[in-house]
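Asker: Give me the fold of what follows.
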Amino acid sequence: MPTDQALLDSLAPLAFHAVLIFARVGAAMMLLPGLGEAEIPASIRLAIALALVPLLLPLLSPGLPPVPEQPADLVRLITLETLAGLWLGGLARLILLALAMAGQVAALMLGLSSVLTQDPALGQGGTALSRLFGMLAALLVLSTGLYALPLSALAGSYAVLTAGDPLPAGLAAESLAAMGAESLALALRLAAPFVLAAVLFNLALGLLARLAPQVQVYFVAVPAQILGGLALLGLVAAPLLAVFGAALVEAFGRLPGAG
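Answerer: Numbering: from 1, shown residues only. The predicted structure is shown next:
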C-alpha cells in the first residue's frame, strides 16, 4: 500500500505538468500556420497536440510549478498557459495572413472581387483569389517544413515566459500590433505588381476613352483586365511565393522563444 501511494504521489505532479503543457500547446495548435488550418480536422490537430506533450514533458517538467493546493490556483495556471499559447499562435498566424490579404487586393485590382467564396481566415465573404492564396500559404508551410519553426519557438517559449507567470499584457499587445503591421506591409508588397498593373491599365483606358469616345470602353476593359491579370498572376506567382517564404522564415525566427 505505501508503494502504491508513493507511486500515486509521484504521478500527480507529472499529470498536472502534462495538463499545463497541453494548455499552452493545444491553444497554440489552433492557430499555428500549416498545422492549425481550418481544413485540418480537429481530431488530427488534437492528436498532434497530445503527441507533443510526452515529448516536451521530460524537458519542461523540472521548471514547471508544483501542483497547487487550491482549485482557484489550478484554474488560474491553466488559464495563463492557454493565453500564452493563443498569443504565440496568434503571432505566427498574423504573418501567414499576408498572402491571403495580398490575394484580396489582387482580386480587387483584377476585377475578380465579386467572385466570393467561403474563407475562414478573412471572413465568409472572401474572394476566390484570396482563398487560393491562403491555401497556397498553408501548402508552402507544410511542404517546406516551415511549420517546425513555430513549433520550436513554442517549445522555447518556456524560457521567455515561465509557466505560471502572468502574461505581460503590454508586451503581448505591442508584439501583436507590430506583427499585424508587418503582415499588412508584406501583403501590400506582394500585391504591388497587381496594383501597378491596374493603375497603368486604367490610365490606358482613360487615354483610349479620350482618343476614341465611340469605343465602348467598359466592354473592352472587363475581359482585358481579367485576362491580363491572370497572365500577370502566372508570371509573378513563383517569385511571389519565394518572397513570401523568405519573409516567413525571418518572421518565424523572431517569435518569442525562437532560436
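Asker: quick one: residue 257 and residue 154 touch, right?
Answerer: Yes. Assessed by Cβ atoms under 8 Å, residue 257 is found in contact with residue 154 at 6.7 Å. Heads up, the C-betas are built off the backbone N, CA and C, glycines and all.
Asker: Identify the contacts common to these two.
Answerer: The contact sets of residue 257 and residue 154 overlap at residue 88 (Cβ atoms under 8 Å, 6 or more residues apart in numbering).
Asker: More neighbours: which of these two?
Answerer: Each of residue 257 and residue 154 has its neighbours counted (other Cβ atoms under 10 Å); residue 154 has more, 25 against 16.
Asker: The more buried one: which element?
Answerer: Assigned by DSSP states H and E, residue 154 belongs to helix 148-160.
Asker: other SSEs contacting that helix?
Answerer: Contact partners of helix 148-160 among helices and strands, from 3 or more Cβ pairs under 8 Å, 6 or more residues apart in numbering; DSSP states H and E: helix 2-29, helix 42-60, helix 71-110, helix 217-252.
Asker: distance between whatever helix or strand comes next after that helix and the chain's centre?
Answerer: Per DSSP H and E, the first helix or strand lying C-terminal to helix 148-160 is helix 169-211. Offset of helix 169-211 from its chain centre (Cα atoms, centre = their mean, to the nearest Å): 19 Å.
Asker: any weak-confidence spans in the stretch 1-150 of the chain?
Answerer: 1-10, 113-126 (pLDDT under 70).
Asker: State whether residue 136 is indeed within a strand.
Answerer: No. Looking at residue 136 with DSSP: H, G, I helix; E, B strand; the rest coil, it is helix, so not inside a strand.
Asker: who touches it in this structure?
Answerer: By Cβ under 8 Å, 6+ apart, the neighbours of residue 136 are 99, 241.
Asker: Against residue 102, how distant is it?
Answerer: Residue 136 is 10 Å from residue 102, where distance means Cβ to Cβ, to the nearest Å.
Asker: follow-up on the earlier one: with respect to burial, which of the helices and strands packed on helix 148-160 scores highest?
Answerer: Greatest average neighbour count among those goes to helix 71-110 (a mean of 21), per mean count of other Cβ atoms under 10 Å.
Asker: I appreciate the help and will end here.
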